[in-house]
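[1] Please work out how this folds:
(2 chains)
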Amino acid sequence: MKRTLILHDLSQNDAELFLPRDPVKYSSFAASPPVRHCTGCFGCWVKTPGRCVINDRGADFAALMARHDEVVFWSRLVFGGLSPDVKAVLDRSIGFVLPFFRALNAETHHVKRYDMTPDFQYIFYGDMTRQEKETAQKLAAANALNLGAERCAVSFFPSVRESAAALRAPI
Amino acid sequence: MKIVIVSGSPKGQGSASEKIAAALQSRLAPAADCAALHAAKHNREEIMAALAGCGALILVFPLYVDGIPSHLLRLLDETRSAIADAAPGLTVYCVVNNGFFEARQNALALELTRNFCDSSGLKWGQGLGVGAGGMIHAARVGHGPMKNLGKALDALAENILRGQTGEDRFAEPNFPKFLYNMIAHMSWRSQARKHGLKAGELRRGL
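    From the prediction side, this is the model:
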C-alpha cells in the first residue's frame, strides 16, 4: 500500500477540513507554526548523519521522508516557490541526502542516503502569475533531481479548497 | 546613492555570503553610501529603516535547496509591499552562491528573486550566480582561483553605481572542478572525524 507524507502550511481550520483522514495511507506534517530555520551548520551531514541538530520537530522530517512512498508539498505559492514555513522544513531536511557529490546530466548533485526515494508531488495554491508557475515547475524538477526523487508532479490552484482535490489524483 | 546590502546567510560572520558582500561593498563604498545588514541578525524594522529612500538593494545569500533560505524568504514575503513604499524606484540586485561547482545551479534562486521584484513593484537590476562559494575562503577575491569572481563583482558594482540593469551572470572559480569535488569530499570526511564519526557512519540512514 502506498504511504503518503503531506507537508503543508494550511491553517488549523483548513487542515481539519481538507487533510485526508486515513492514518494508514496518509501522515501529515504541519509547517505552521514555523520550525526554526536552518543555520547552515551541516551538522545533519557531519555530526548526526541524517538528522538536523536543532532540537525541534523540524529535525524529524528528513527521516519521515525516507519512510514514505510519496511526499506531498502542499504550499502557498510564493514567488514561484514554497512558502517560508514549508521551505523552513525542507531547508532543515538536507540530511535526507549525503554531502558527497555525484554527476547527473553533466551537473553535480548529492549522493542519495536512502536506496528508496519517495515520489514528490507539489500542490501550490493562492494568487499566482504565469511566470511564477513556470518557476515552480522548474523548481520542483530541480528539487526532485537534487533529492533523488524519480517522479515529480506539480499542480496549481487558486485556493486551498480547490487544491484539496489534487491529493486524490495519483502521480 | 544610498545602497543597502542584505546578507541572507544564517551563519553571519565568516560565511561565503558575508565575504562576497564585503568584497562587493569595497567596490561600491568609495562612490556610494553603503550599509550592510543581515537578515538573520537585524529585525524587520531595522532593515526597513535602512531601506528608506534607498536607490539599490543587494541581496547576497547562499543557495538553500535550489532556492532562497527560509528566513530571508520570510522577510521578502512579509515586506514585499512595504519595501516599495519605503524606497520608490528601488532597484534590486542579487548574488547567490552555492556549494556545487556549477554557478548555473543558482539560476532558479535568481528567478525567484526576480519574481519577488515583479510581485513587489520593484525594478530588477541584475543577478550573479557564484559556483563553489566556499572557495572564497581559499584566496582573496580577484586573485588566483577567485579571479573570475573579482571580475564579475567589478562588473556588477559598475552596473549598480550607474543604476543600470544587466543580464544575469555566472562565475566559477579558476580551479579544476574535479579537484574542487575531491577536496570537498575530503573535507566532509575530516569534519565527520572531528565529531567522532567513522567514514561509514556518515552514510547511515535513520
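
[2] residues contacting A:Val53?
    Listed by CB atoms under 8 Å, 6 or more residues apart in numbering or on different chains, the contact set of A:Val53 reads A:Cys41, A:Gly43, A:Cys44, A:Lys47, A:Ala59. Placement of C-beta: from N, CA and C, glycine included.

[3] now those residues as JSON lines including secondary structure and pLDDT?
    Shown next, in JSON lines, are these (DSSP: H, G, I helix; E, B strand; the rest coil; pLDDT from 0 to 100):
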{"residue": "A:Cys41", "secondary structure": "coil", "pLDDT": "95"}
{"residue": "A:Gly43", "secondary structure": "helix", "pLDDT": "97"}
{"residue": "A:Cys44", "secondary structure": "helix", "pLDDT": "97"}
{"residue": "A:Lys47", "secondary structure": "coil", "pLDDT": "97"}
{"residue": "A:Ala59", "secondary structure": "helix", "pLDDT": "97"}
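
[4] now the strands: where do they sit in the chain?
    Let's take chain A. A:4-8, A:26-30, A:70-76, A:97-104, A:107-112, A:119-125, A:152-157 (DSSP state E).

[5] Can you look at chain B instead?
    Under the criterion DSSP E, strands of chain B are mapped to B:2-7, B:33-38, B:56-62, B:91-97, B:123-130, B:169-171.

[6] can I get the ones you listed in TSV with distance to A:Phe73?
    Listed next are the strands of chain B as TSV, based on distance: least, CB to CB, whole Å:
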stretch	distance to A:Phe73
strand B:2-7	27
strand B:33-38	28
strand B:56-62	21
strand B:91-97	21
strand B:123-130	24
strand B:169-171	28
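
[7] mind checking which of those strands is nearest A:Asp22?
    A:Asp22 lies closest to strand B:56-62 among these, at 39.0 Å (CB to CB).

[8] before we move on, the earlier item: of the contacts of A:Val53, which are in range of chain B?
    A:Cys41, A:Lys47 (CB under 8 Å from any CB of the partner chain).

[9] Among the contacts of A:Val53, name the buried ones.
    Neighbour-count burial (16 or more other CB atoms under 10 Å in any protein chain shown) applied to the contacts of A:Val53 gives A:Gly43, A:Cys44, A:Lys47, A:Ala59.

[10] And these, which is closest to B:Pro176?
    A:Cys44 (28.5 Å).

[11] and the gap between the closest one and B:Ser190?
    Remark: distance between A:Cys44 and B:Ser190 (CB to CB, to the nearest Å) = 17 Å.

[12] Then B:Phe178?
    19 Å.

[13] again with B:Leu51
    Taking CB to CB, one finds B:Leu51 at 41 Å from B:Ser190.

[14] can you check B:Glu102 too?
    For B:Glu102 relative to B:Ser190 (CB to CB), the value is 24 Å.

[15] More neighbours: which of these two?
    B:Glu102 (18 against 10; other CB atoms under 10 Å in any protein chain shown).

[16] Give me the residue at the spatial middle of chain A.
    By CA atoms, centre = their mean, chain A has its centre lying nearest to A:Phe73, at 4.4 Å.

[17] Now that residue: closest residue in space, sequence neighbours ignored.
    A:Tyr122 (4.9 Å; CB to CB, 6 or more residues apart in numbering or on different chains).

[18] ok, what's across the strand from that neighbour?
    A:Tyr122 forms beta bridges with A:Phe73, A:Val154, as assigned by DSSP bridges.

[19] Closest to chain B out of the buried ones among the contacts of A:Val53?
    Nearest to chain B among those is A:Lys47, at 4.5 Å by CB to the nearest CB.
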